[in-house]
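Novice: Generate a structure from the sequence data that follows.
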Amino acid sequence: MRSAATQPSEHADPHLLAAFSEIAERIARSLSLPESGSPIRMFVAGGVAVHYYTGVRPTRDVDAVFSHRMLLPADLDVNYIDAMGTPRLLYFDRQYNDTFGLLHEDANDDSISIRLDGVDPNKLDVRLLSPLDVAVSKLARFEDHDRTDIRALAEAGLIAERQLRRRAEEALAAYVGNTADVRVSLDLACKLIADIESSRRAPARPGRRR
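Specialist: Next up, the predicted model:
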């Protein structure tokens, strides 16, 4: 399993990333630093993180939480034209809440700091959840796009089956309620990743002789 880079995937759409940078810049401009003088941390999950790591599928919203209570600026919607020439909208999802999904208790501590054009890191430290924690966060809903994201992270060599199972089991230990459905999703996700790992190890078939 390779380490996640602080630079975006070569397959990521620079126009989507520029729209994300614009949203983060608007947030940074609105901030007053806390008394500690340390920057506010912005922890980014969801489709933006997956796209940054892999370049798979565009996303419409930014899922993020902060290290401090926030009064966000009003205009956090950005219209842009993607790499294929399609008009798109990226917006900050004000309804996102990481309390009700599956997340490891160390996810924010293990997040990865990235630099975005125009964003002052002394005011706003933009951090992506690690690929492993992004995958864990996809297990609670496990809809089609969540499976696509987990597959993309696995195919990029950013997550492994054993690591996902261990991280998810550690996360589940801190949760109350019925965890049966999430455990089924975990089994399916691990099977998906194991199949990818198996195909990667399989020797190439020799070409047919004529």
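
Novice: Distance check, V48 against L76.
Specialist: 13 Å (CB to CB, to the nearest Å). For every residue, glycine as well, the C-beta is placed using N, CA and C.

Novice: Between those two, which is the more surrounded one?
Specialist: Neighbours around V48 and L76, counted as other CB atoms under 10 Å, are more numerous at V48. The numbers are 25 against 18.

Novice: list residues touching both of V48 and L76?
Specialist: V62 (CB atoms under 8 Å, 6 or more residues apart in numbering).

Novice: Can you report how many residues lie near S185?
Specialist: For S185, using other CB under 10 Å, the count is 21.

Novice: For it, give its distance to H104.
Specialist: Noted for S185: a distance of 15 Å to H104, by CB to CB.

Novice: do G85 as well
Specialist: In terms of CB to CB, G85 sits 39 Å off from H104.

Novice: What of D13?
Specialist: 28 Å.

Novice: L103 contacts V134, doesn't it?
Specialist: No. Using CB atoms under 8 Å, L103 makes no contact with V134, being 9.9 Å away.

Novice: Look at those two and report which has more neighbours.
Specialist: Between L103 and V134, counted using other CB under 10 Å, V134 has the larger neighbour count: 29 against 23.

Novice: Can you check the pLDDT for that one?
Specialist: On pLDDT, V134 comes in at 98.

Novice: residue contacts, it?
Specialist: A45, G46, A49, V50, Y53, L128, D149, L153.

Novice: mind listing the helices in the chain by residue range?
Specialist: 14-29, 46-54, 131-137, 144-155, 161-172, 180-201 (DSSP state H).

Novice: most packed of these?
Specialist: helix 131-137 (a mean of 27; mean count of other CB atoms under 10 Å).

Novice: Nearest residue to the residue sitting nearest the centre point of the chain in space, ignoring adjacent ones along the chain?
Specialist: Centre of the chain computed as the mean C-alpha position; nearest residue by CA atoms, centre = their mean is A49, 2.9 Å away. Counting by CB to CB, 6 or more residues apart in numbering, L128 is the residue found nearest to A49 once chain neighbours are left out, at 4.5 Å.

Novice: go on, L89?
Specialist: With CB to CB, 6+ apart, the residue lying closest to L89 is N79, at 5.5 Å.

Novice: The lowest-mean-pLDDT helix or strand in the chain packs against which elements?
Specialist: Least confident helix or strand, the chain: helix 180-201 with a mean of 95, by mean pLDDT, DSSP states H and E. If you count contacts as 3 or more CB pairs under 8 Å, 6 or more residues apart in numbering; DSSP states H and E, helix 180-201 packs onto helix 144-155, helix 161-172.

Novice: now the helices of the chain as TSV including distance to L72?
Specialist: TSV is the format used below for the helices of the chain (distance: least, CB to CB, whole Å):
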stretch	distance to L72
helix 14-29	7
helix 46-54	16
helix 131-137	21
helix 144-155	25
helix 161-172	27
helix 180-201	30
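
Novice: ok, the residue lying closest to L172 once chain neighbours are set aside to D133 distance?
Specialist: Among residues not flanking L172 along the chain, T179 sits closest, at 5.4 Å (CB to CB, 6+ apart). Using CB to CB, one gets 18 Å for the distance from T179 to D133.

Novice: Next: P87.
Specialist: From P87 to D133 the distance is 32 Å (CB to CB).
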